[in-house]
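Asker: got a predicted structure here, sequence first:
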Amino acid sequence: AQMEADLAANPDAPDADEKRARLEELKKEQLLQKVAYFKDQVERNPTDPQLRFSLAEYLYLTGQATDAIPELQRAKNNPHVRTKALLLLGKCFSEKNMLDLAINQLEEAEKELTAMDGTKKDVVYERALLHEKRGEKDAYLGALKMIYEVDYGYRDVAQRVEASYA
């Protein structure tokens, strides 16, 4: 926290690059510790889907999308974490360039969410980005417009939608 504060206060300091590199190392170490912790917890409580979701989340954050997939597939059976698990599962498939599978997961999550809350906006936005990657302009814009209609300030949706009319 002190290093982050120092960097924010003085981003052009002579040792700023060194501090940024060290900060990244520390963050990665912290994430790997979380992975180890949640692996241990899942071994102790193999039927707890919340623990599996947490493990999958940290696996994803450490670049281990392949290892996160089976954990998410188990976690999505719990209604309390289902939509978040589907969203993260979509991101994992996207990391592996399995865009059709990613879209399927996100569409499944989207169907289960009725209100356009923060989670649904995240799901729709991720789906839009996948459609963009696949060159599916109509589906891409359609998803972004769903968000634009309810939240003008969400991420870069306004710029993307308005640019399509230019």
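Answerer: Right, received. Where do you want to start?
Asker: show the contacting residues for L106.
Answerer: By CB atoms under 8 Å, 6 or more residues apart in numbering, the contact set of L106 is L86, L87, G90, V123, V124, E126, R127, L130. (Each C-beta comes from the backbone N, C-alpha and C, glycine too.)
Asker: how much space separates the first one from L72?
Answerer: Right, L86. Distance of L86 to L72, computed by CB to CB, to the nearest Å: 8 Å.
Asker: those two: which is more packed in?
Answerer: More neighbours surround L72 than the other of L86 and L72, with 29 against 26 (other CB atoms under 10 Å).
Asker: wait, the more buried one touches F53, no?
Answerer: Yes - in terms of CB atoms under 8 Å, L72 counts as a neighbour of F53; the distance is 7.0 Å.
Asker: find residues that contact each of those two.
Answerer: What both L72 and F53 touch, as defined by CB under 8 Å, 6+ apart, is the set A85, L88.
Asker: drop anything exposed from the contacts of L106.
Answerer: Applying 16 or more other CB atoms under 10 Å to the contacts of L106, the neighbour count classes L86, L87, G90, V123, V124, E126, R127, L130 as buried.
Asker: who touches the stretch of helix or strand the second one belongs to?
Answerer: Following DSSP states H and E, one finds L87 within helix 82-95. With contacts defined as CB under 8 Å, 6+ apart, helix 82-95 is touched by 49, 53, 56-57, 60, 65-66, 68-69, 72-73, 75-76, 78, 99, 101-103, 105-106, 108-109, 112-113, 119, 122-123, 126-127, 130, 133.
Asker: which residues of the chain fall in helices?
Answerer: With DSSP state H as the criterion, the chain has helices at 2-9, 16-44, 49-61, 65-75, 82-95, 99-112, 118-133, 137-148, 157-164.
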